[in-house]
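> Please find the sequence and the predicted model below.
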Amino acid sequence: MSAHLDRLAFRLAIAFALAMPVVAARAQPAGDPVATSTPRFGLAPEAYAAFQRWMLASCIGGEEKARADDLRRYPHEMIVAFVAAVSEGPSDDELAAVRAAALSRYDVRAKFDIREYKIVGVKEADLARFNRVSREQYVDDQLRRFTAGYRSNAIAGLGVIGGAEAKAALARLAANRRDPQADAIRAAQKAMDRR
């Protein structure tokens, strides 16, 4: 019987972990933002589609080479767009989509009454913090994460493009040592130096 309870507790801990508002880098907008968004930063539609695929990737990993190759087809245009993206952040439409998705996730999360389950391996303080997060706090956190991820992807894109123009743009960004994206800027500079 004890083994059965241990397995049940493990499954519940996994369910709890999945319900936690842990988002790797940011929340993804609903729908296909590449297909539905209006080009920004002076990019032509084809270049903007490549830009959006890069910018809205939650993890730049498995498809990174294909996305990087797409960016390099428009080096000057992408550098201008990435610098503007760092400065301006996501569009109002992108933020609205993230807000709507976060509200929906919060509603699902709010229905998960963790008091009905015995949760093991999680501190009481963490459970209490989970229960205290308001709808507004949750949505604000998701928007903050999305915006930070958006800026990080723009900075990483500069590192992928490379060349003197991108290097100069990263150097200008690095001049602000208080920038919350300082780690991303250094990583992009190192990536460029390795190439």
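Everything's here; your move.

> which parts of stretch 184-195 are buried?
Of the residues in stretch 184-195, 184-185, 188-189, 192 count as buried by neighbour count, 16 or more other C-beta atoms under 10 Å. Placement of C-beta: from N, CA and C, glycine included.

> got those residues as CSV, with pLDDT columns?
Shown next, in CSV, are the buried residues of stretch 184-195 (pLDDT from 0 to 100):
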residue, pLDDT
A184, 86
I185, 87
A188, 86
Q189, 87
M192, 80
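
> Tell me the one among those residues nearest to E124.
Nearest to E124 among the buried residues of stretch 184-195 is A184, at 34.7 Å by C-beta to C-beta.

> what helix or strand is that closest one on?
A184 is part of helix 182-194, with elements assigned from DSSP states H and E.

> Counting by contacts, list what the longest helix seen in the chain packs against.
Identified as the longest helix of the chain according to DSSP state H is helix 135-161. Here helix 135-161 is seen to pack against helix 45-55, helix 64-72, helix 75-88, helix 92-111, helix 163-174, helix 182-194 when contacts are counted using 3 or more C-beta pairs under 8 Å, 6 or more residues apart in numbering; DSSP states H and E.

> out of these, nearest to G157?
The closest of the helices and strands packed on helix 135-161 to G157 is helix 75-88. By C-beta to C-beta, the value is 4.7 Å.

> From the contact counts, what lies against the closest one?
Using 3+ C-beta pairs under 8 Å, 6+ apart: helix 75-88 touches helix 45-55, helix 135-161, helix 163-174.

> Name the residues that touch that helix?
Under the contact criterion C-beta atoms under 8 Å, 6 or more residues apart in numbering, helix 75-88 has outside partners 40-44, 47-48, 50-51, 55, 71-72, 150-151, 154-155, 157-158, 161, 163, 165-166, 169, 173, 181.

> I'd like to know which of those are buried.
By neighbour count, with 16+ other C-beta under 10 Å, the contacts of helix 75-88 hold 40-41, 43, 47-48, 50-51, 55, 71, 150-151, 154-155, 157-158, 161, 166, 169, 173, 181 as buried.
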